[in-house]
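*Asks:* Below are the sequence and a predicted model; questions follow.
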Amino acid sequence: MILVSETNLDLNHKRITIPQNIRRFLMVMVIFLIIPGQLVIAQEVEPDNPYYIVKEGDSLWSIAARFGLSVESLSNANGISDPSQLTIGSQLKIPGLEGLSGELTTKTVRFGDSLQGISRRYQIPIKAISQLNHLISPAELYIGYNLVVPVSEISAGETQRIAGQQGKSLYETAVMLNINPWQLVLENNLAGTWDIVPNEILHYHSEEAQITEDIESPYALPDSIQEIIVKPVPFVQGKTSVVKVLTSDQWELSGYIDSNRLTFFPDDTGYIVSLQGIHAMTEPGVYSMVISGTLPIDNLEGQNEFSFSQTVLISIGGYSIDPVLIVPPETIDPAVTKPEDAEWFALSDTSTPEKLWEGIFASPAPDIYKECWPSLFGNRRSYNGSPYIYFHSGLDFCGGVGTEIFAPAQGKVIFASPLTVRGNATMIDHGWGIYSGYMHQSEILVEVGEMVETGQLIGLVGGTGRVTGPHLHWEIFAGGIQVDPMDWLQEEYP
């Protein structure tokens, strides 16, 4: 198809028509071939020593330790003879960081941050970042890591991101952005204009980019992924982890934390949310967290899929040890416990897409027992003299036989029957993979399929199942994993 606007050339009396879009591309190419040398020269500026601004609580020793220096070398570089000369707001030169300049500041690593992305965002070589933070492997860059980076005038402005697209060269990408391709080469540490692969995330400084104080975009993900919030950081044994993604496109998201599947649901604030428990017996250490996304097949522009893996730290929960409990032998017999556990956990293995609860969960106990807890969640346990290989999977409330049990939030009853270990038990589905369980009841007052409201009477405390006396054992499941119910009494999720 020939465009309306065109250029005609007469070569040997033969008229050639050049469409406007090709003519524009050729003109831009000519400009690009002239400018690259000027851009390289502009980068060749002799850097000053990087510096650190003293904050409240800093000492000469803590600053030296932070940058892997001796107190003597830091003092000599700054002419400090008396540590009391250190004042809040003063600048300290940090020696031994040749080739770097600007203020040294701390950035908390978020999901979606990679060494390459941070290098491109702040215009710092990966080698320099690794040297500055004593990194041996990219795997050390876990979520929540406090990364020290130098911020200069060159890197102070916000960058925009774009994914390299299938079948498009760097020149074509630059034309689309209306910028010089050598800007992309220089700002992304590329070997040349050919050094680009499909779906590679490129950064470029732009006057249109806006810095939002509360939102910092993930450097290594598509630009339509505006923010990813992960909390708590680090993850903790037995706690509910929250993953929230803010996106401008209709991404279908999935993911994993170690072997636990992340299931995402849209909330009413524009985020896509997943709530996932961390098992109370998980060995503390580093694990892999993956988030993947796909766009509808009819979306043919830009990047249509991504998958990003990052290391996350799981820390110890600090749970106590309960005294040895003496219980009926049949309640710890694997022939009994294994099939019952399988039945119980299968109830929480799916996720209802509708969120039924609002706000903080109410206590399931009456006022007199709301703060009476004979045993807390996560406590390590021994039954009948066994090794401490068990943990307390819920929160126990005081109460004698017949004490009322109330629904802590709106939901649907999905189980209401007697079990050997759990006694008379009830489970309620609150949506989004959140379930609550009630055990050892003397009487169950609801039926499967019944919708319950916050504060509704659902049962009575008893001493059925594996118990040493009457009480209410209350459990919360998030993503199929038992988590600390106390958190749900104190914090609003998500």
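*Replies:* Structure's in. What do you need? Residues are numbered from 1 along each chain as shown.
*Asks:* helix or strand for the residue most central in space within the chain, which one?
*Replies:* Geometric centre of the chain, nearest residue: residue 230, 3.0 Å, by Cα atoms, centre = their mean. Residue 230 belongs to strand 225-231 when assigned by DSSP states H and E.
*Asks:* so what pLDDT did the residue nearest to the centre of the chain get?
*Replies:* Looking at residue 230, its pLDDT stands at 96.
*Asks:* same deal with residue 73?
*Replies:* pLDDT for residue 73: 92.
*Asks:* Can I take it that it is in a helix?
*Replies:* Yes. The assignment for residue 73 by DSSP: H, G, I helix; E, B strand; the rest coil puts it in a helix.
*Asks:* where's the residue nearest to the centre of the chain relative to residue 242, distance?
*Replies:* For residue 230, the distance to residue 242 equals 7 Å [Cβ to Cβ, to the nearest Å]. C-betas here are computed from N, CA, C, even on glycine.
*Asks:* Quick check: neighbours shared by the two?
*Replies:* Residues touching both residue 230 and residue 242 (Cβ atoms under 8 Å, 6 or more residues apart in numbering): there are none.
*Asks:* Enumerate every residue touching the residue nearest to the centre of the chain.
*Replies:* Contact analysis of residue 230 by Cβ under 8 Å, 6+ apart lists 110-111, 143, 241-244, 289, 312.
*Asks:* what bridges to it?
*Replies:* When assigned by DSSP bridges, residue 230 has beta-bridge partners residue 243.
*Asks:* Can you show me the helices along the stretch 351-494 of the chain?
*Replies:* In the stretch 351-494 of the chain, the segments counted as helices under DSSP state H, counting those that start in this stretch are 485-490.
*Asks:* Can you pull out the low-pLDDT segments for the stretch 51-200 of the chain?
*Replies:* Scanning the stretch 51-200 of the chain for pLDDT under 70 picks out 152-168, 171, 182, 191-200.
*Asks:* try it again with 50
*Replies:* For the stretch 51-200 of the chain, the stretches with pLDDT under 50 are 154, 156.
*Asks:* That one: strands as residue ranges?
*Replies:* Remark: strands assigned in the stretch 51-200 of the chain by DSSP state E, counting those that start in this stretch are 51-53, 91-93, 103-108, 146-151, 159-163.
*Asks:* care to break this protein down by domain?
*Replies:* 1-34, 225-315, 329-490 (automatic domain parsing).
*Asks:* and residue 174, which of those domains is closest to it?
*Replies:* Evaluated over the domains of the chain, closeness to residue 174 peaks at domain 1-34, with 7.3 Å, by Cβ to Cβ.
*Asks:* Could you pull up the contacting residues of residue 292?
*Replies:* Residue 292 is in contact with 253-255, 305-308, counting by Cβ under 8 Å, 6+ apart.
*Asks:* now the angle from the strand or helix carrying it to strand 225-231?
*Replies:* For residue 292, the element it lies in under DSSP H and E is strand 285-294. Going by axes from the mean of the first three to the mean of the last three Cα atoms, to 10 degrees, strand 285-294 is angled at 150 degrees with respect to strand 225-231.
*Asks:* Which helix or strand lies directly C-terminal to strand 285-294?
*Replies:* Following strand 285-294 in sequence order, the next helix or strand is strand 305-315 (DSSP H and E).
*Asks:* and that following strand, which residues are buried?
*Replies:* Across strand 305-315, burial judged by 16 or more other Cβ atoms under 10 Å covers 306, 308, 310-315.
*Asks:* hang on, the earlier thing: widest-spaced pair of the contacts of residue 292?
*Replies:* In those, two members sit farther apart than any others by Cβ to Cβ. They are 255 and 305, at 13.3 Å.
*Asks:* ok so, going back, would you format the domains of the chain as a markdown table with distance to residue 63 included?
*Replies:* What follows is these, written out as a markdown table (distance: least, Cβ to Cβ, whole Å):
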| stretch | distance to residue 63 |
| --- | --- |
| domain 1-34 | 45 |
| domain 225-315 | 24 |
| domain 329-490 | 36 |
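*Asks:* Quick check: which of those domains is nearest to residue 73?
*Replies:* With Cβ to Cβ, the closest approach to residue 73 among the domains of the chain belongs to domain 225-315: 30.8 Å.
*Asks:* which residues touch the nearest residue in space to residue 384 that is not next to it in sequence?
*Replies:* In space, and not counting its chain neighbours, residue 384 is closest to residue 326: 5.9 Å by Cβ to Cβ, 6 or more residues apart in numbering. Residue 326 is in contact with 383-384, 468, counting by Cβ under 8 Å, 6+ apart.
*Asks:* what's the helix or strand just after the strand holding residue 230 packed up against?
*Replies:* Sequence-wise, the next helix or strand downstream of strand 225-231 (DSSP H and E) is strand 235-236. Judged by 3 or more Cβ pairs under 8 Å, 6 or more residues apart in numbering; DSSP states H and E, strand 235-236 is in contact with strand 305-315.
*Asks:* next SSE after the strand it packs on?
*Replies:* Going down the chain from strand 305-315, the next helix or strand is helix 334-346, by DSSP H and E.
*Asks:* tell me which residues of that following helix are tucked away?
*Replies:* Per 16+ other Cβ under 10 Å, helix 334-346 contains these buried residues: 336, 340, 344.
*Asks:* isn't the first one right next to residue 419, touching?
*Replies:* No. Residue 336 sits out of contact with residue 419 when judged by Cβ atoms under 8 Å, with a separation of 9.6 Å.
*Asks:* can you pull the contacts of residue 266?
*Replies:* Taking Cβ under 8 Å, 6+ apart as the criterion, residue 266 is in contact with 272-273.
*Asks:* what does the one 10 residues further on give?
*Replies:* Counting by Cβ under 8 Å, 6+ apart, residue 276 makes contact with 240-241, 243, 257, 260-262, 433, 478-479, 481.
*Asks:* How about it, nearest residue that isn't a chain neighbour?
*Replies:* Using Cβ to Cβ, 6+ apart, the closest residue to residue 276 is residue 479 (3.9 Å).
*Asks:* Could you give the number of residues near the one you found?
*Replies:* Neighbours of residue 479 under the rule other Cβ atoms under 10 Å: 24.
*Asks:* That one is in contact with residue 275, isn't it?
*Replies:* Yes. Using Cβ under 8 Å, residue 479 is in contact with residue 275, at 6.3 Å.
*Asks:* Look up the residues that both of the two are in contact with.
*Replies:* Listed as contacting both residue 479 and residue 275 by Cβ under 8 Å, 6+ apart are residue 433.
*Asks:* Please report the distance of residue 274 from residue 244.
*Replies:* For residue 274, the distance to residue 244 equals 8 Å [Cβ to Cβ].
*Asks:* More neighbours: those two, which one.
*Replies:* residue 274 (26 against 19).
*Asks:* Pretty sure the more buried one sits against residue 243.
*Replies:* Yes. Using Cβ under 8 Å, residue 274 makes contact with residue 243 at a distance of 4.5 Å.
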